[in-house]
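Peer 1: Curious how this folds, go ahead:
(chains A and B)
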Amino acid sequence: MNKIEIANGMIFQALDIRNKDTFEARLVCQKKIYLLQESGIDLGYGYNWYIKGPYSPNLSTYIYNNLDDFMKTDFSNYHISSNVTEKINRINSIEESKPKDLNKSAWYELVASVLYIYKNHVSWRISSSFDEVFSKLEQYKPQFNWEQFIEAVKVLKEKEFITEG
Amino acid sequence: MLNSKLRPVKYINDPVYGGIPITQIELEIIDTPIFQRLRGLKQLAHVNYVFPGAEHSRYVHSLGVLFIMGLMTEHLLKSEEIVEEDAVKMRIAALLHDIGHYPLSHLGETVYGYCKGNKTATNIVEEFGESEENVQEPMYVLASAYSKSAHHEQLGKYIVENNQEIVTILQKYNLDPCEIGDIFTGNIGSRNMVYSQLLHSSLDADRLDYLLRDSYQTGVKYGLVDLQYLIRLLKVVKEKNDSTEREVLVCNKKGQHVVEHFLMSRYFHYSQVVFHKTNAAFEGMIKAMYIKLIQKSKFMYNSLEEIKENINEYEFLNFNDANLYVALKSFYEENVDSEFNSLYESFIERKRSKVVYELKNLYEDSPTQEFAVLKRELKKNPQSITNIVGTPNWGYQVVPIQIERIQSHYTLTEGNKDHEEELREAIKVVDEDGNISYLAEDNLSLINKLANFKSEFIRIFVLEERDKDYDYDKMNKDIASLISQ
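Peer 2: Numbering: from 1, shown residues only, chains lettered A, B, ... in the order given. From the prediction side, this is the model:
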């Protein structure tokens, strides 16, 4: 494996991305990598807005072609640098703030979607106010309510994905 | 009466379509120096080493995509399925969709993508940072590099939003640069599925033009699709699922054989032109040289970030193939890297690398044992290949080609729930009762029978050194024996 593949494999393992066979697992994978990239680790996956929120077709292909191999590979000769590990921990720990009425994949979908709309508000022709972000979220994802949205905003602030407002 | 923004003010002659009608705003964009830069980027990089006619540029391709988008939007306008404002935006997005391309097009994109990925990997893995100080990866890594993302579109969006001249023109005509960029990058996604599909699906304006144009320029006949009929099949319909309703682009089912022909043509185009084995070997050589150039800061820009910083500079207009060749020659003349110089001489003399092993596979579920083993060896144990070929100066290419993005058992209802990634890409058809389905779902369609198959091939090539003898038969036998153990 070249350096790029080793780094990707280690990141997937550290983010606990080990399964591509269910839609839920693929969805969590998509959102975790999105959040990691938003934290400043650019793995080169371009994201668009799709039905379940931010989605990268390239990541989907990459996972399909490589994940099984990565899971069987022993990377113990290598170590992830401490600042990247800290970011990975932040993303994994988002699960701990999951509201009881949402399952894991819906929670990551909500958190990543809120961040995506917030970060791309200019393209969505709205301001960055949370009221407007919620109204867009509601338009495309009516299954989420205001209380769940507020929980997502709270965790995004705690984990420093959103620093203002 | 036609919206003045859609009225042609000029026709540009084109060998594939005849006259391409150009509106005032399009003319102003075409006349900007940054758009003219596209004349200096070859559409197919060095496919011209195999098909000598393949000298066409991103410039003429962009005009071609504009033409096809013009046909598509005119048809949808006539049936009142879109409005004129949609047509204006889609035409501009089509014209600008490749504005962010690199010297040697996708080959350059791969090189910049690889260099960026390598840098990121160095920041992620402690050991890479420590052992670094620019330890060059072996030649087989450089010559086999690939890129995960189409970041020329992201650079294009950046240019459209930040190049002073483009922004001024778009704003003069009340067009939002951000929205134009969102359309051609696909960022608009499911917020406007019709926009996404017209420029980002299995049957979009971009693919139609490159199939027709590349066929014309290379002289192969695969691209002779029935363009006019294909366009007439397009419809915008409302697609409903559990909680939402959205407009999607579909094809009228009565003409689905034309769509099937198009998909087949594209399949052959990829397998016979884009991934021609001689081209693969040349691309491996060029990639290795190009990466060395970037990593040693011997070309204009070393990263996407640096490119972005310079898009308003006059110098950026020289970010093209010709200046890449100048940089390659200058580095050759420095005479500091014998590996590079050997590649450069082969490139100039058109001495192709020898493809020493090729394995093809057409499979439904999983590839043959040999195929899987070779793939694994190339990735996990490249030293075994180095031992066989007797040099680290080799490269490989693994190419998967599929007829359609989805498998035949996928249904649209499932797609909305479980395979969202395919909704944009896969071709949808509508029957006379208004029922929408994937083309690949229809068990009377040829595509249904082929959609589950994947054609994949692996090629290993050796970058020969001058005056050195190679026993290719032995290499071939040894690789065959390695994977059959």
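
Peer 1: Residues contacting stretch B:151-158, please?
Peer 2: Residues outside stretch B:151-158 that contact it (C-beta atoms under 8 Å, 6 or more residues apart in numbering or on different chains) are A:44, A:46, B:96-102, B:105-106, B:109, B:112-113, B:181-182, B:184-187, B:304, B:307-308, B:311. In short, each C-beta sits where N, CA and C put it, glycine included.

Peer 1: List only buried entries from those.
Peer 2: Neighbour-count burial (16 or more other C-beta atoms under 10 Å in any protein chain shown) applied to these gives A:44, A:46, B:96-102, B:105-106, B:109, B:112-113, B:181-182, B:184-187, B:304, B:307, B:311.

Peer 1: In chain A, where is pLDDT below threshold?
Peer 2: Chain A contains residues with pLDDT under 70 at A:165.

Peer 1: Show me the helices in it, by range?
Peer 2: A:3-14, A:23-38, A:57-72, A:82-92, A:104-119, A:130-140, A:146-158 (DSSP state H).

Peer 1: Please tabulate the ones you listed in TSV and include distance to chain B and mean neighbour count as additional columns.
Peer 2: Converted to TSV, those look like this (distance: least, C-beta to the nearest C-beta, whole Å; neighbours: other C-beta atoms under 10 Å in any protein chain shown):
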stretch	distance to chain B	mean neighbour count
helix A:3-14	4	22
helix A:23-38	5	22
helix A:57-72	5	17
helix A:82-92	5	16
helix A:104-119	10	23
helix A:130-140	8	17
helix A:146-158	16	17
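
Peer 1: Which of those helices sits closest to residue B:70?
Peer 2: Evaluated over the helices of chain A, closeness to residue B:70 peaks at helix A:57-72, with 26.9 Å, by C-beta to C-beta.

Peer 1: That closest one versus helix A:3-14: what angle between them?
Peer 2: On the basis of axes from the mean of the first three to the mean of the last three C-alpha atoms, to 10 degrees, helix A:57-72 is oriented at 80 degrees to helix A:3-14.

Peer 1: Show me what helix A:57-72 is packed up against.
Peer 2: Applying 3 or more C-beta pairs under 8 Å, 6 or more residues apart in numbering or on different chains; DSSP states H and E, one finds that helix A:57-72 contacts helix A:3-14, helix A:23-38, helix B:369-380, helix B:420-425.

Peer 1: Give the burial count for residue B:272, as a bare number.
Peer 2: Counted with other C-beta atoms under 10 Å in any protein chain shown, the neighbours of residue B:272 add up to 13.

Peer 1: now the strands for the stretch 351-485 of chain B?
Peer 2: Remark: strands assigned in the stretch 351-485 of chain B by DSSP state E, counting those that start in this stretch are B:354-363, B:394-402, B:428-430, B:436-438, B:454-462.

Peer 1: and the angle for the first one with strand B:454-462?
Peer 2: So the one you mean is strand B:354-363. 170 degrees.

Peer 1: Can you name the residues of the stretch 101-250 of chain B sitting close to chain A?
Peer 2: Within reach of chain A by C-beta under 8 Å from any C-beta of the partner chain, the stretch 101-250 of chain B has these residues: B:113-114, B:116-118, B:120-129, B:137, B:141, B:147-151, B:153-154, B:178-179, B:182, B:185-191, B:196, B:243-244.

Peer 1: In helices, which of those residues fall?
Peer 2: Residues of those located in helices (DSSP H): B:113-114, B:116-118, B:120-124, B:126-129, B:141, B:151, B:153-154, B:178-179, B:182, B:185, B:196.

Peer 1: Report the buried members of those.
Peer 2: B:113-114, B:116-118, B:120-124, B:126, B:128, B:141, B:151, B:153-154, B:178-179, B:182, B:185, B:196.

Peer 1: my guess is residue B:425 meets residue B:203, correct?
Peer 2: No. In this structure residue B:425 lies outside contact range of residue B:203 using C-beta atoms under 8 Å: 9.5 Å.

Peer 1: Any idea which of the helices and strands packed on helix A:57-72 gets closest to residue B:167?
Peer 2: It is, among the helices and strands packed on helix A:57-72 and with distance given as C-beta to C-beta, helix A:23-38, at 26.0 Å.

Peer 1: circling back: the more surrounded of residue B:425 and residue B:203?
Peer 2: residue B:203 (23 against 17).

Peer 1: Can you check the pLDDT for the more buried one?
Peer 2: As predicted, residue B:203 sits at a pLDDT of 87.

Peer 1: before we move on, what about residue B:408?
Peer 2: With respect to pLDDT, residue B:408 scores 62.

Peer 1: Would you mind giving both backbone torsions of the spatially most distant residue from the centre of chain A?
Peer 2: The centre of chain A is farthest from one residue, residue A:77, which by C-alpha atoms, centre = their mean lies 27.1 Å away. For residue A:77, the backbone dihedrals are phi -80, psi -10 (criterion: degrees, to the nearest 10).

Peer 1: residues in contact with it?
Peer 2: Per C-beta under 8 Å, 6+ apart, neighbours of residue A:77: residue B:127.

Peer 1: For residue B:372, see how far away it is.
Peer 2: For residue A:77, the distance to residue B:372 equals 25 Å [C-beta to C-beta, to the nearest Å].

Peer 1: now residue B:145
Peer 2: Look at residue B:145 and residue B:372: by C-beta to C-beta, they are 22 Å apart.

Peer 1: which of the two has more neighbours?
Peer 2: Between residue B:145 and residue B:372, counting by other C-beta under 10 Å, residue B:145 is the more crowded of the two (24 against 13).

Peer 1: Helix, strand, or coil at that one?
Peer 2: At residue B:145, secondary structure determined by DSSP: H, G, I helix; E, B strand; the rest coil is coil.

Peer 1: Was I right to think it contacts residue B:111?
Peer 2: Yes. Between residue B:145 and residue B:111 there is a contact at 7.0 Å, judged by C-beta under 8 Å.

Peer 1: what's the overlap in contacts for those two?
Peer 2: Both residue B:145 and residue B:111 are in contact with B:287, B:291, where contact means C-beta under 8 Å, 6+ apart.

Peer 1: one step back: for the helices and strands packed on helix A:57-72, which one sits closest to residue B:353?
Peer 2: Evaluated over the helices and strands packed on helix A:57-72, closeness to residue B:353 peaks at helix B:369-380, with 15.9 Å, by C-beta to C-beta.

Peer 1: Much appreciated, bye for now.
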